[in-house]
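S.K.: how would this look folded up:
(4 chains)
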Number of protein chains: 2
Amino acid sequence: MQDILFDFISKYISITEDEKNAILSLDLFRSVKKGTILLKEGQKSLNSYFVLKGCIRIYYIIDGEEKTTAFYTEMDALTPACVINKAASEYFISCVEDCILTVSNVDMEEEINTKFPKFDIMCRKFSEELLAKQQINFDEFKTSSPEQRYLNLLQKRPDLIQRVPQHQLAGFLGIKPESLSRLRARILEKKS
Amino acid sequence: MQDILFDFISKYISITEDEKNAILSLDLFRSVKKGTILLKEGQKSLNSYFVLKGCIRIYYIIDGEEKTTAFYTEMDALTPACVINKAASEYFISCVEDCILTVSNVDMEEEINTKFPKFDIMCRKFSEELLAKQQINFDEFKTSSPEQRYLNLLQKRPDLIQRVPQHQLAGFLGIKPESLSRLRARILEKKS
DNA sequence: AGTATTTCTTAACTAAAGTCAAGGAGTTAT
DNA sequence: ATAACTCCTTGACTTTAGTTAAGAAATACT
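M.R.: Have a look, this model is predicted:
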């Protein structure tokens, strides 16, 4: 299970046994039950997450309605905006499935980063890469219709469509659950 | 004019006269005419931009149609995705107005960063901050209607609505120019 | 100044998303 | 096992966006 984390790190930097042990000694691994809320709107948490197993999501509550905007699965890292801004969170984070996560806070990261400056490099590379991906992603979203977005998701993350409730997927696609339902029916009709 | 760049840098790190001179000696400043294309689809450019004056935009050409997805104005920095991926660009970048920019490439940045490690820290802070902003931005986009997005833009970046052609704004809002035109008429009617 | 081009608006029509409501299927809890 | 929820679908209706086309207004060109 820990190897998933080290595989991730190895994508950016080489890592020695010493460094691995330093990370393990921080005791970051947590098992979390489906439905657990990791972060609530209004909280000023300093925790970051890395998903080893399972799925977590970001959602807002707007006019009493849940609006899911993002999913994180195996090998995804999530540093909530409130950790960066040092502000109250605008959104919730909860577990879509039973999860195994690492939970780290800013202090731990600083400790590791001063001990092993390599990790700073990793963080920079990682956030630059993520920023580029995120931008392309946003652009794709803007330039396509809900139907195209759904078909696109079917290509790129077919697992998500299986493991996540449709009404959460709908939010992720920027539409209402009823629209997603109809859109799917429409696609099935076209195929036949 | 250079002070705009140094003000930006000062948001993240303290900067000495020595460091300022090192940057100035790179001769990064460029005047660019409206309409100039800075990056074309398919190119593997390694250039990053910082806007001192003017406005540049990202756009795609899809089915022969321009689709604008992002604008960058004074104090905005832009490192195209293709610089990070080392891949062919999926989009174009061009000047919406006459601009004064800094144009830097990856080699220059590495040179400065090894000479002054502080700049590495700045880059990390900056991309983390941008990533958090971008995420919130994307979430807002997903959870609101075209009309809400337009009204939101009117609040947050009223300048853009003045300085940018409507059909480019439409793409930015994820709709067609005709829809933006009607949407605006609708809003005016409501007010009266 | 006058022409060409780009940009914006309007209209009529089509297609798709939002809304509201009802009901069914599946899951969870006791 | 039954009741209570949650989740998904469907239908009828409203609203808004996409499409196509035409023309007006503003800008750029020489």
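S.K.: list the buried residues for the longest helix that chain A contains?
M.R.: As assigned by DSSP state H, the longest helix anywhere in chain A is helix A:118-142. Across helix A:118-142, burial judged by 16 or more other Cβ atoms under 10 Å in any protein chain shown covers A:118-120, A:122-132, A:134-136, A:138-142. Backbone N, C-alpha and C define where each C-beta goes, glycine included.
S.K.: before we move on, what about stretch A:178-187?
M.R.: When burial is assessed from 16+ other Cβ under 10 Å, stretch A:178-187 yields the following buried residues: A:180, A:183.
S.K.: what about that stretch, near chain B?
M.R.: No: for a cut-off given as Cβ under 8 Å from any Cβ of the partner chain, stretch A:178-187 has no contacts with chain B; the smallest distance is 12.7 Å.
S.K.: CA atoms of that stretch as PDB?
M.R.: What follows is stretch A:178-187, C-alpha atoms only, in PDB (Å, rounded to 0.1, in the frame of the first residue of the first chain):
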ATOM      1  CA  GLU A 178     -32.200  14.700 -14.400                       C
ATOM      2  CA  SER A 179     -30.300  16.100 -17.300                       C
ATOM      3  CA  LEU A 180     -27.600  13.400 -17.000                       C
ATOM      4  CA  SER A 181     -30.300  10.700 -16.900                       C
ATOM      5  CA  ARG A 182     -31.900  12.000 -20.100                       C
ATOM      6  CA  LEU A 183     -28.600  12.600 -21.800                       C
ATOM      7  CA  ARG A 184     -27.700   9.000 -21.200                       C
ATOM      8  CA  ALA A 185     -31.000   7.800 -22.500                       C
ATOM      9  CA  ARG A 186     -30.400   9.900 -25.600                       C
ATOM     10  CA  ILE A 187     -27.000   8.400 -26.200                       C
END
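S.K.: quick one: contacts of that stretch?
M.R.: Contacts with stretch A:178-187, where a contact means Cβ atoms under 8 Å, 6 or more residues apart in numbering or on different chains, come from A:146-147, A:150-151, A:166-167, A:169-170, A:173, A:175.
S.K.: cool, and stretch A:62-75?
M.R.: A:4, A:7-8, A:49, A:51-61, A:78, A:91, A:96, A:159-160, A:164, A:168-169, A:171-172, B:135, B:138-139, B:142-143.
S.K.: show me which of these are buried.
M.R.: The buried subset of the contacts of stretch A:62-75 (16+ other Cβ under 10 Å) comprises A:4, A:8, A:49, A:51-52, A:54-60, A:78, A:91, A:96, A:160, A:164, A:168-169, A:171-172, B:135, B:138-139, B:142-143.
S.K.: can you pull the contacts of A:Q168?
M.R.: If you count contacts by Cβ under 8 Å, 6+ apart, A:Q168 has them with A:57, A:59, A:66, A:68, A:71, A:96.
S.K.: cool, and A:R30?
M.R.: For A:R30, the contact set (Cβ under 8 Å, 6+ apart) comprises A:100-103.
S.K.: wasn't it part of a helix?
M.R.: No: assessed with DSSP: H, G, I helix; E, B strand; the rest coil, A:R30 is strand; it does not lie in a helix.
S.K.: okay, and the beta partners of it?
M.R.: A:L101 (DSSP bridges).
S.K.: and it, how far is that from A:L180?
M.R.: Computed with Cβ to Cβ, to the nearest Å, the distance linking A:R30 and A:L180 is 32 Å.
S.K.: so where's chain A uncertain?
M.R.: The model of chain A has pLDDT under 70 over residues A:191-192.
S.K.: mind listing the helices for it?
M.R.: Using DSSP H, helices in chain A cover A:2-10, A:17-24, A:81-85, A:106-115, A:118-142, A:146-156, A:158-163, A:166-172, A:177-191.
S.K.: now the angle from the last one to helix A:146-156?
M.R.: Between the direction of helix A:177-191 and that of helix A:146-156, the angle (axes from the mean of the first three to the mean of the last three Cα atoms, to 10 degrees) works out to 80 degrees.
S.K.: right, is helix A:177-191 up against DNA strand D?
M.R.: Yes: shown here: helix A:177-191 in contact with DNA strand D (Cβ under 7 Å from any atom of the strand) through A:177-178, A:180-182, A:184-185.
S.K.: from those residues, which is closest to B:N113?
M.R.: Checking the residues of helix A:177-191 next to DNA strand D against B:N113 with Cβ to Cβ, the nearest one is A:L180 at 45.6 Å.
S.K.: which PyMOL command selects the buried ones in the contacts of stretch A:178-187?
M.R.: Buried members of these can be picked out in PyMOL with the line below, counting by 16+ other Cβ under 10 Å:
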select buried, chain A and resi 146+147+150+169+170+173+175
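S.K.: mind picking the two most distant members of the contacts of stretch A:178-187?
M.R.: A:L151 and A:H167 (19.1 Å).
S.K.: my guess is A:T36 contacts A:I93. True?
M.R.: No: A:T36 is beyond contact range of A:I93, at 9.5 Å (criterion: Cβ atoms under 8 Å).
S.K.: so for the two, which residue has more residues nearby?
M.R.: A:I93 (22 against 15; other Cβ atoms under 10 Å in any protein chain shown).
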